[in-house]
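Novice: attaching a predicted model along with its sequence, questions to come.
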Amino acid sequence: YPYITGIVAGAFIISSLYHVFHKEELKPVSRFAMLMALAFLLFATTPLMMHLGHPERALNIMFTPNTTSAMAGFGFIYLTYMVILSVEIWLVYREDIVFLSKNANTAWRRMIYRLLSLGVDNVSPESRKLDHDVMTFLAAIGIPAACMLHGYVGFIFGAIKANPWWSSPMMPLIFLLSAIVSGIAMVVVCYMVIHYLKGRPLDPDCMHSLVGYLWFFTKIDVAVELLEILNHAYMANEDWEILHELVTVKLFWSYVVIQMLVGSAIPIILLGIVVVFKNRLSVWWRNAFAFCSAVLLLIQVLAMRWNVVIGGQSFSKSYRGLLDFDIELYG
């Protein structure tokens, strides 16, 4: 669940860079990234619902709101962000919806698009300008909403003081930065795969911009993650002995090898080569390095989520040993 919401936040930020900050080079993926954010957001709570014994009780946070509950607070943020994103997508595609409501090839499709148009078929220049202004305003609001959506996940973990692996004020920032990384990486992967399957050429300026943002946020994300573990090591509290064993023994492969070496060091090097040596590499090599880096970063963020969520439950509360976690696929 934290992995899916991270992709939502990262993909939306890419879209907002075009709509709010007018990064024209990101125009080819702006609408695509927004739809990606909505698609992942619709299914973000699916793992939570499957994990609950009575998933229908999830609606209780709406019917009987509790403002002091951290999980209820997240539900309100999730719903608010869903509304903002849905309205923004409707404004972006409204002109297309109106066109299809009149020109779709079958009657039932025209009826569906007529319903989606909400009875508004005015596509004059004045109405399109109003749509753009409202959408820009919503996108500006959506940026902090997206940050809150995933930073709140880190807040829930960081607020659990009884767990030293989680109890850190840096946890919301770590979750947010890794969310941006995974979202941009997913946009890169999906954008390249879809264009390859449809035989369309990739926009070189758009790809270079995506790679630049991905490299930038990856470096900051890895630096903050290392700073967080360094902070634990330097403080050397009574819990550091068990945390040291957790990182170097229990999570050695998932943390040291997959998350830091394979998932962080290699993509930083590959993306750096693409950015620095842009004019010396052929387009094929730049795209190959970008695709491989994006896939590795998706694995890295998934490993980070595993190490935080599962690793935080892998040591006993008495700090006297490590526990085993058994995955129950059909439990």
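Specialist: Yep, that arrived. Residues are numbered from 1 along each chain as shown.
Novice: okay, CA-based contacts and neighbour counts for the rest of this
Specialist: OK.
Novice: quick one: contacts for residue 290?
Specialist: With contacts taken as CA atoms under 8 Å, 6 or more residues apart in numbering, residue 290 has the following neighbours: 188, 211, 270-271, 274.
Novice: hmm, try it at 7 Å
Specialist: Counting by CA atoms under 7 Å, 6 or more residues apart in numbering, residue 290 makes contact with 211, 271.
Novice: any idea how far it is from residue 42?
Specialist: For residue 290, the distance to residue 42 equals 28 Å [CA to CA, to the nearest Å].
Novice: same thing with residue 2?
Specialist: In this structure, residue 2 and residue 42 are 14 Å apart, going by CA to CA.
Novice: same check, this time on residue 138
Specialist: When distance is defined by CA to CA, residue 138 is 19 Å away from residue 42.
Novice: same thing with residue 215?
Specialist: With the distance defined as CA to CA, residue 215 ends up 28 Å from residue 42.
Novice: which one of those two has more residues nearby?
Specialist: Just comparing residue 215 and residue 42: by other CA atoms under 10 Å the higher neighbour count belongs to residue 215, 25 against 14.
Novice: just give the nearest non-adjacent residue to that one, would you?
Specialist: What sits nearest to residue 215 in space, not counting adjacent residues and going by CA to CA, 6 or more residues apart in numbering, is residue 271, at 5.8 Å.
Novice: what helix or strand is the one you found located in?
Specialist: Remark: residue 271 resides in helix 266-276, with elements defined by DSSP states H and E.
Novice: so which bits of that helix are buried?
Specialist: When burial is assessed from 16 or more other CA atoms under 10 Å, helix 266-276 yields the following buried residues: 266-268, 270-275.
Novice: now the element after the helix or strand encompassing residue 228, going C-ward?
Specialist: Secondary structure from DSSP H and E places residue 228 in helix 204-235. On the C-terminal side of helix 204-235, the closest following helix or strand by DSSP H and E is helix 240-245.
Novice: this protein: helices as residue ranges?
Specialist: Listed in chain order, the helices of the chain (DSSP state H) span 2-19, 27-42, 46-51, 60-63, 70-103, 107-116, 125-158, 171-198, 204-235, 240-245, 266-276, 283-309.
Novice: just say which of those helices is most tucked in.
Specialist: Of all the helices of the chain, helix 2-19 carries the top mean neighbour count, a mean of 26, counting by mean count of other CA atoms under 10 Å.
Novice: so what does that helix touch, helix or strand wise?
Specialist: Based on contacts counted as 3 or more CA pairs under 7 Å, 6 or more residues apart in numbering; DSSP states H and E, the elements that helix 2-19 packs against are helix 27-42, helix 125-158, helix 171-198.
Novice: any idea which of those gets closest to residue 70?
Specialist: Minimum separation from residue 70 across the helices and strands packed on helix 2-19 (CA to CA) falls at helix 125-158, 6.9 Å.
Novice: now that closest one: mean pLDDT?
Specialist: Computed over helix 125-158, the mean pLDDT rounds to 88.
Novice: where does the prediction get shaky in the chain?
Specialist: Across the chain, the ranges flagged by pLDDT under 70 are 331.
Novice: how much space separates the nearest residue to residue 151 once chain neighbours are set aside from residue 164?
Specialist: In space, not counting the residues next to it along the chain, residue 151 is nearest to residue 172; the distance is 4.6 Å by CA to CA, 6+ apart. Using CA to CA, we find residue 172 at a distance of 15 Å from residue 164.
Novice: check residue 233 too.
Specialist: When CA to CA is applied, the distance between residue 233 and residue 164 equals 12 Å.
Novice: contact partners for residue 57?
Specialist: Under the contact definition (CA under 7 Å, 6+ apart), no residues are listed for residue 57.
Novice: so how far is residue 49 from it?
Specialist: The separation that residue 57 has from residue 49, given CA to CA, amounts to 9 Å.
Novice: for residue 174, same thing?
Specialist: Using CA to CA, residue 174 is found at 25 Å from residue 49.
Novice: again, but for residue 55
Specialist: The separation that residue 55 has from residue 49, given CA to CA, amounts to 5 Å.
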